[in-house]
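In: Here is my input, please return the structure:
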Amino acid sequence: QWQLKHVFDRRNRLVCRGFVALTLLLVFFNEYVIYYVAQSSWQPIDCKLENCTRLLLIADPQILGNSYDRSSHSPLARYDADRYLKKSFERAVSFTQPHIIVFLGDLLDEGNIATGQEYKQYVQRFKRIFQNKKLKRFRMISAYFQRVHVPGDNDIGGDNGDYISNSNQRRFENEFMSEDLFDYDNRIRFFKINRMLLDFSNPDRDNNADRLRIGVSHAPLLIGGGPLLRAIISDLDPHIIFSGHWHESRIFIYPSTKVINFYENSVKHFDLKALKEQEHSYLEIMVPTCSYRMGKSKIGMGYAVLENHNLSYTVLWQPNRFILLFTYVFWGLFVICGAVVYKMMTRCPFRVAKRQTLYNRVSTLPQF
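Out: The predicted model follows:
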């Protein structure tokens, strides 16, 4: 009888250990392996010339704040979103080894309404994610810490006509733009364009013609038209514009109305000189959001390589975090249902009676 009971107890322990092992495997895959699985689909862009410049483009990370979501699980949501951004960014930097990292606005989700103390906390979280000390090793092989930041409507205001205060602009400039790059290697020049303020930077217009000119804006420009676009074309004459804001991946060509929805795992190639001088057109690339909290099924970071006037561009697509979180929910429900069914089966009268009969048979066997 004792031996048979020991068999049943051993079986129970094996079942429990099996569930624990599968749970640990699921967590390991969702929290670590999945980022390498996503990276396996990224398209490398090889540099053919010595003056190759690699850009990593990050749009709308929107570090979650404390005001919009005050639910009991909001701290966990902030932690998970920050960790997702950090892991994705680490893999992207490792893969691209960028010379320049461009942040295309909406760095913070509540930057325009945050108090002074809250703003400092949000900036610290942003720097823990995107200025991780582990990534300093890339200084040996690239100018990795050279960055460009432009503000978005969630950083300083301006969405739907919201008021943009001088204090919001100053604190964004102090925290993010004080060491920003303007010229790179005497070849590339970055122009910051603020559609909310209808303004753009152009501090050295006499030498613009000697540079490859890149416009960076939070909101898209070529699709809107208006006096700001006319001024940009007249004063800056950019070869390429990078933008975000819509959380989508698109390519605009002006003055035509051509819009390309770009969601493939492929590389697009553009001859910027021919596009401007022969076709008299302007190119804008909209980078998708890199935060799964924006509710988009396709999220990623832009990766561009410039060689003279040749541009190669692709998107580093990230894993869909919501699907991974749903697997935890489904697995939890499966384990709970399995435990309930198992308990019901082991405690039902028929099985108890059958087990007792087996115990009785064992106890009546002759002892030698």
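In: low pLDDT regions in this protein?
Out: 1-9, 132-145, 346-368 (pLDDT under 70).
In: Skipping its backbone neighbours, what lies nearest the residue nearest the centre of it in space?
Out: By C-alpha atoms, centre = their mean, the chain has its centre lying nearest to residue 290, at 2.4 Å. The shortest distance from residue 290 to any residue other than its chain neighbours is 5.1 Å, reached at residue 301 (C-beta to C-beta, 6 or more residues apart in numbering). Just so you know, the C-beta spots here come from the backbone N, C-alpha and C atoms, and that holds for glycine as well.
In: Identify all residues paired with the one you found through a beta bridge.
Out: residue 316 (DSSP bridges).
In: how close does it get to residue 161?
Out: 30 Å (C-beta to C-beta, to the nearest Å).
In: more crowded one of the two?
Out: Under the criterion of other C-beta atoms under 10 Å, the comparison of residue 301 against residue 161 puts residue 301 first, with 27 against 8.
In: residues contacting the more buried one?
Out: Contacts for residue 301 were tallied using C-beta atoms under 8 Å, 6 or more residues apart in numbering; they are 56, 57, 58, 59, 88, 89, 92, 287, 290, 315, 316, 318.
In: Nearest to residue 252 among these?
Out: Taking C-beta to C-beta as the measure, residue 252 lies nearest residue 287 of these, at 12.3 Å.
In: ok, now which ones touch the closest one?
Out: 57, 58, 59, 104, 242, 243, 244, 249, 301, 302, 315.
In: Please produce a markdown table containing those residues, extended by secondary structure and distance to residue 153.
Out: As requested, those are arranged in a markdown table below (DSSP: H, G, I helix; E, B strand; the rest coil; distance: C-beta to C-beta, whole Å):
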| residue | secondary structure | distance to residue 153 |
| --- | --- | --- |
| 57 | strand | 18 |
| 58 | strand | 17 |
| 59 | strand | 13 |
| 104 | coil | 12 |
| 242 | strand | 17 |
| 243 | strand | 13 |
| 244 | coil | 11 |
| 249 | coil | 20 |
| 301 | strand | 20 |
| 302 | strand | 20 |
| 315 | strand | 23 |
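In: In those residues, which residue is surrounded by the most others?
Out: residue 59 (33 neighbours).
In: Specify the beta-bridge partners of it.
Out: residue 289.
In: wait, it sits on residue 107?
Out: No. Contact criterion C-beta atoms under 8 Å: residue 59 and residue 107 do not qualify, at 9.8 Å.
In: Run the chain-centre distance for the one helix or strand residue 228 maps to.
Out: Assigned by DSSP states H and E, residue 228 belongs to helix 227-235. Relative to its chain's centre, helix 227-235 lies at 31 Å (C-alpha atoms, centre = their mean, to the nearest Å).
In: which other helices and strands contact that helix?
Out: Under the contact criterion of 3 or more C-beta pairs under 8 Å, 6 or more residues apart in numbering; DSSP states H and E, helix 227-235 touches strand 199-200.
In: and with 10 Å instead?
Out: Helices and strands touching helix 227-235, by 3 or more C-beta pairs under 10 Å, 6 or more residues apart in numbering; DSSP states H and E, are strand 188-194, strand 199-200, strand 212-217, strand 282-286.
In: Would you map the strands across this structure?
Out: Under the criterion DSSP state E, strands of the chain are mapped to 53-58, 100-103, 146-149, 183-184, 188-194, 199-200, 212-217, 240-243, 250-254, 258-261, 268-271, 282-286, 300-307, 310-317.
In: can you list those in TSV and add distance to residue 335?
Out: As requested, the strands of the chain are arranged in TSV below (distance: least, C-beta to C-beta, whole Å):
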stretch	distance to residue 335
strand 53-58	37
strand 100-103	41
strand 146-149	45
strand 183-184	53
strand 188-194	51
strand 199-200	56
strand 212-217	48
strand 240-243	45
strand 250-254	42
strand 258-261	40
strand 268-271	45
strand 282-286	42
strand 300-307	33
strand 310-317	31
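In: Report the beta-bridge partners for residue 53.
Out: residue 306.
In: How many residues are close by it?
Out: Quick note: residue 53 (other C-beta under 10 Å) scores 22 neighbours.
In: go on, residue 115?
Out: If we define neighbours as other C-beta under 10 Å, then residue 115 has 11 of them.
In: ok, now the one 5 residues further on?
Out: Here the count is done by other C-beta under 10 Å, and residue 120 has 13 residues near it.
In: swap in residue 84?
Out: Neighbour tally, residue 84, other C-beta under 10 Å: 22.
In: Likewise for residue 77?
Out: With other C-beta under 10 Å as criterion, residue 77 counts 13.
In: ok, back up a step: JSON lines for the contacts of residue 301, including distance to residue 74?
Out: Formatted as JSON lines, these follow (distance: C-beta to C-beta, whole Å):
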{"residue": "56", "distance to residue 74": "29"}
{"residue": "57", "distance to residue 74": "29"}
{"residue": "58", "distance to residue 74": "24"}
{"residue": "59", "distance to residue 74": "24"}
{"residue": "88", "distance to residue 74": "21"}
{"residue": "89", "distance to residue 74": "22"}
{"residue": "92", "distance to residue 74": "27"}
{"residue": "287", "distance to residue 74": "27"}
{"residue": "290", "distance to residue 74": "21"}
{"residue": "315", "distance to residue 74": "30"}
{"residue": "316", "distance to residue 74": "28"}
{"residue": "318", "distance to residue 74": "22"}
